[in-house]
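**Q** only geometry, no sequence info:
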């Protein structure tokens, strides 16, 4: 007999084996369900008992605050003794009053310190009164503090105006303020009414000034100064601005701007 013969089952035997396996599986599933239900009931019972014990503990552990007790004083008159809660409230009230008074003192000191800081700031940086309508400043004599009085002019613009004016040797026209960096047509139209030209500007000695002095002027560039120095070497002193106008380095606009500043 071969080993395969042991695995051979008739049809009825196969059916019986399958039914047996199904019953075994169902038995295992039923057993698992019953075990889970029993454990859940136990847990619920345990939880209920814990809740009951906790409630009993709360009821038994409550301590009522003793009421005020009347104690006779030395003269025999009844004197009411305060409970612990009332004494605690009295202490808290005293502490709160002390904290409140301390807070008021701190607030007063803080306000005084803040007021002192504001006063120091105002003393260090006093407010500048602006010019009223009809008031003016001198175009070339005004310093930065006077320029800051012009509505629309602050510290930055005042510093730029004075520095550029020094490079030019003074403004000839009020319109030259448009050449200052940052001043556009809108701002110029607002400030022009507060500025009065004074004719106080400095001229350049064309024949006596050296290369650096001529180059320092904003209206002269490097090539133009070279042309002036070259013309002076060729013919000597320059007698008029017309001699500069014939040079290729100068255009008509340059001549118009330079004419008030050059002296021969």
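**A** Thanks, I have it. Small disclaimer: the values here were computed from a predicted structure and weren't measured. Numbers count the residues shown, from 1 in each chain.

**Q** I'd say residue 161 and residue 148 touch.
**A** No: the pair formed by residue 161 and residue 148 falls short of the contact definition of Cβ atoms under 8 Å, at 10.1 Å. Any C-beta I mention is one placed from the backbone N, CA and C, and that applies to glycine too.

**Q** compare the two (neighbour count), which wins?
**A** With neighbours defined as other Cβ atoms under 10 Å, residue 161 and residue 148 compare such that residue 161 has more, 25 against 18.

**Q** quick check, pLDDT for that one.
**A** You'll see residue 161 listed with a pLDDT of 98.

**Q** quick one: low-confidence residue ranges for the stretch 101-250 of the chain.
**A** Judged against pLDDT under 70, the low-scoring parts of the stretch 101-250 of the chain cover residues 101-126.

**Q** now do the helices in it.
**A** Secondary structure of the stretch 101-250 of the chain (DSSP state H, counting those that start in this stretch): helices at 144-147, 155-168, 185-191, 211-215, 222-235, 242-245.

**Q** so which of the ones you listed gets nearest residue 35?
**A** Of all the helices of the stretch 101-250 of the chain, the one in closest proximity to residue 35, counting by Cβ to Cβ, is helix 155-168 (88.0 Å).

**Q** which secondary structure elements does that closest one contact?
**A** Helix 155-168 makes packing contacts with helix 144-147 when contacts are defined by 3 or more Cβ pairs under 8 Å, 6 or more residues apart in numbering; DSSP states H and E.

**Q** is it true that residue 153 touches residue 190?
**A** No: taking Cβ under 8 Å as the definition, residue 153 is not a contact partner of residue 190, at 9.3 Å.

**Q** so which of these two has more stuff around it?
**A** residue 153 (26 against 13).

**Q** quick one: that one from residue 196, how far?
**A** As judged by Cβ to Cβ, to the nearest Å, residue 153 and residue 196 stand 15 Å apart.
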